[in-house]
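[1] need coordinates for the following:
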Amino acid sequence: MIEFAKPKVEQFFRSVVITDFTVSKDERRIVYSSNLNDKVNLWVMDLPHTYPYLFAHHDQSVGFIKFDPNNRFLLTSYDQDGDENYHIYALPPTGGLPEPLITGEAEDKYYFAHLSEDGERIYYDTSAGNPSFFNTRVFNLKDRTDTLIHVGEEVPTQLATVSSDEQRFIYLQMYANTYVTAFVKDNDKISYLTPDPRQIHVVFDPVFVTEEKIYFVTNYQEEYKYVAQFDLNTGVFEPLLKIEHEDVQHIKYNKAKHRLYLVTEKGVSDYLYQYDIKAEQLTKLESPVDVIEKLHVAESGNLYLLGRSSTIPLNIFKSTESNQWQSLTNNRVLGVNREQMVEPEVVTYPSYDGLQIEALLFKAKPDLNNGYTILWPHGGPQAAERKMFRAMFQSFLNRGYTIFAPNFRGSTGYGAAFTKMVEQDWGEGPRLDNVEGIKWLFDQGITDPDHLFLIGGSYGGYMALLLHGRHPDYFKAVIDIFGPSDLFTMVSSVPEHWKPIMERWLGDPVRDRVRFTKDSPITYLDQMTKPMLVIQGAKDPRVVKGESDQIVARLREKGRDVEYLVLDDEGHGFSKKENEIKVYRLMLDFLAKHH
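    You can find the predicted model right below:
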């Protein structure tokens, strides 16, 4: 018989991603964005057939996808090589080459907000003329008029939804990730959805159940997010539905069946619920994946879901009333089944102050284990490492590396207080949580300083730099992927609409000068003695190229071993498969070089 080799790391590189999807009103077509042909484009499936074919060719990241309810066109948006300056385009129902619809200067942003029920008016937010706070406009497809309807002031403001008669508008005001208020604008009348918008809380996902009643997600006066309702006639706010120790992330409303569907987050996993509003009955539904990226509820009651698990790449699933899930896409790792990949262990350890930290531990299979471990501090920082497929993780596990990913303070999924712990404390508490995680690894006999690598991206890249500078003896070598190196330069170089929230999130560089200095990786150049690889997207709008340039230059001046890769056509991530593969191969070669 023929004996085949074990899966090679290159097979994991070839897994594809799906970033968004939409379903036509009649449920006969699904359009989704994916890098099936190595760059992000729109693909379509004519249901019940599930063979995808190219719908729109543009080779750029997609911001949203929306069908006209009458199937006359499809709307989408594109940026340029990761710059996140999205402009709105239109496509004919047959697909083709996208045509610019709502655009402006290259540096302007145009974010889709709402399409009217007759498909004739497009509501959107734009930085044009108001880069810090955004304005909201409506574009009329019939007469091509473009009308200003709201001016953002004092804080970034975005339109969340519009009533069916287009007389009432709900806006979100973002003071920080953990402080988002919402108000209804009805002519000149302003009504906040929560009783006291000055209290620190969040509001997301508002939906008009009737012209007067609104359901939404909030954590007003609570630790975890729940579903609340607001009555425009009476001005009364009241909680509707809470699930203990779970954060409601998204709600979808089925008007025909008078049902709510909820996606909740609890630590490293998501859960799915159906709530019968009339019967006040909550039912937990089976989910085909551990992490739900998007949920679509059709008028028929059918559910469509985009999600992934640790050993299941991103796929789109469909469920009928019987709650039996069918996978509409069949994305998988080339020639590798789930049993050949690694599911993580969920572990906890106490931090320096007794706080319990949850982490994912991916153990390399015994026949592959090379004896080395990777510490992966996640990005965000107000995000979390979850039970979701990462091609990087599974490819590195295949090469024999064990991976440890802690959800340090500031992570989401553990309550509002835990998430807020990183605000104005980027480099102390979270850093020490990671240090205690490293000590736990040593105590468990999983690794030691001669066999531990450090890799992080975005905030995780910042943490990798900071840990390298303050605790170099713990690591063999370090990889930084577009991580901020200096808090003083970072706070002034973020996108304009981020700047109003930086005070609460990071602090003030003048008032907090001592802390900014202490928590900036560039302060610790003398201690950064281990070999480093730095990776940066040239068009990154969040962590600009200068953040990587400056630390690489300063370390090279000191004669340190630093490799540097700049991707000219990428931003804050890898949208092009060829670039992603190039990065993974370079990372693996770098690690192997320093065994």
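[2] where does this structure have low pLDDT?
    322 (pLDDT under 70).
[3] and the longest helix along it, C-alpha only, in PDB?
    Longest helix of the chain, by residue count under DSSP state H: helix 577-593. What follows is helix 577-593, C-alpha atoms only, in PDB (Å, rounded to 0.1, in the frame of the first residue of the first chain):
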ATOM      1  CA  LYS A 577      -3.000  35.100   1.000                       C
ATOM      2  CA  GLU A 578       0.500  35.400  -0.600                       C
ATOM      3  CA  ASN A 579       1.500  37.900   2.100                       C
ATOM      4  CA  GLU A 580       0.100  35.800   4.900                       C
ATOM      5  CA  ILE A 581       2.000  32.700   3.700                       C
ATOM      6  CA  LYS A 582       5.200  34.800   3.300                       C
ATOM      7  CA  VAL A 583       4.800  36.000   6.900                       C
ATOM      8  CA  TYR A 584       4.100  32.500   8.400                       C
ATOM      9  CA  ARG A 585       7.100  31.000   6.500                       C
ATOM     10  CA  LEU A 586       9.400  33.800   7.700                       C
ATOM     11  CA  MET A 587       8.100  33.300  11.300                       C
ATOM     12  CA  LEU A 588       8.700  29.600  11.200                       C
ATOM     13  CA  ASP A 589      12.200  30.000   9.700                       C
ATOM     14  CA  PHE A 590      13.000  32.600  12.400                       C
ATOM     15  CA  LEU A 591      11.900  30.300  15.200                       C
ATOM     16  CA  ALA A 592      13.800  27.300  13.800                       C
ATOM     17  CA  LYS A 593      16.900  29.400  13.400                       C
END
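[4] can you tell me, leaving aside adjacent residues, what's nearest to Leu282?
    Tyr275 (5.1 Å; C-beta to C-beta, 6 or more residues apart in numbering). C-betas here are computed from N, CA, C, even on glycine.
[5] please report how far the one you found lies from Leu285.
    Here Tyr275 is placed at a distance of 11 Å from Leu285 (C-beta to C-beta, to the nearest Å).
[6] settle it for me: which of those two has more neighbours?
    Neighbour tally, Tyr275 and Leu285, criterion other C-beta atoms under 10 Å: the higher count belongs to Tyr275, 21 against 14.
[7] what about that one, which helix or strand?
    For Tyr275, the host element (DSSP states H and E) is strand 269-276.
[8] hmm, who's touching that strand?
    The contact list for strand 269-276 (C-beta atoms under 8 Å, 6 or more residues apart in numbering) reads 227, 241, 243, 246, 249, 258-265, 281-287, 289-292, 295, 305, 307, 386-387.
[9] which of these fall in strands?
    Among those, the members found in strands (DSSP state E) are 227, 241, 249, 259-265, 281-285, 291-292, 295, 305, 307.
[10] and those, which of them are buried?
    Applying a neighbour-count criterion of 16 or more other C-beta atoms under 10 Å, the buried members of the ones in strands among the contacts of strand 269-276 are 227, 241, 249, 259-265, 291-292, 295, 305, 307.
[11] so which pair among those is furthest apart in space?
    Based on C-beta to C-beta, the longest span within these runs between Arg259 and Val291 and measures 22.9 Å.
[12] so Gln527 makes contact with Leu467?
    No: if you go by C-beta atoms under 8 Å, Gln527 and Leu467 don't touch, sitting 10.5 Å apart.
[13] contacts only, for the residue nearest the centre of the chain.
    Geometric centre of the chain, nearest residue: Ala383, 7.7 Å, by C-alpha atoms, centre = their mean. Counting by C-beta under 8 Å, 6+ apart, Ala383 makes contact with 411-412, 459.
[14] give me that answer again for 10 Å
    177, 407, 410-413, 419, 458-460 (C-beta atoms under 10 Å, 6 or more residues apart in numbering).
[15] three-state assignment of it?
    coil (DSSP: H, G, I helix; E, B strand; the rest coil).
[16] quick check, His572 in contact with Gly537.
    Yes: using C-beta atoms under 10 Å, His572 makes contact with Gly537 at a distance of 6.2 Å.
[17] neighbour count for these two, which is higher?
    Using other C-beta under 10 Å as the criterion, His572 and Gly537 rank with Gly537 on top: 28 against 21.
[18] contacting residues for the residue lying closest to that one once chain neighbours are set aside?
    Nearest residue to Gly537 in three dimensions, chain neighbours excluded: Glu570, at 3.7 Å (C-beta to C-beta, 6+ apart). For Glu570, the contact set (C-beta under 10 Å, 6+ apart) comprises 61, 81-83, 482, 535-540, 576, 579-580, 583.
[19] more neighbours: which of Gln527 and Leu467?
    Counted by other C-beta under 10 Å, Gln527 and Leu467 do not tie: Leu467 has more neighbours, with 24 against 13.
[20] great, nothing more from me.
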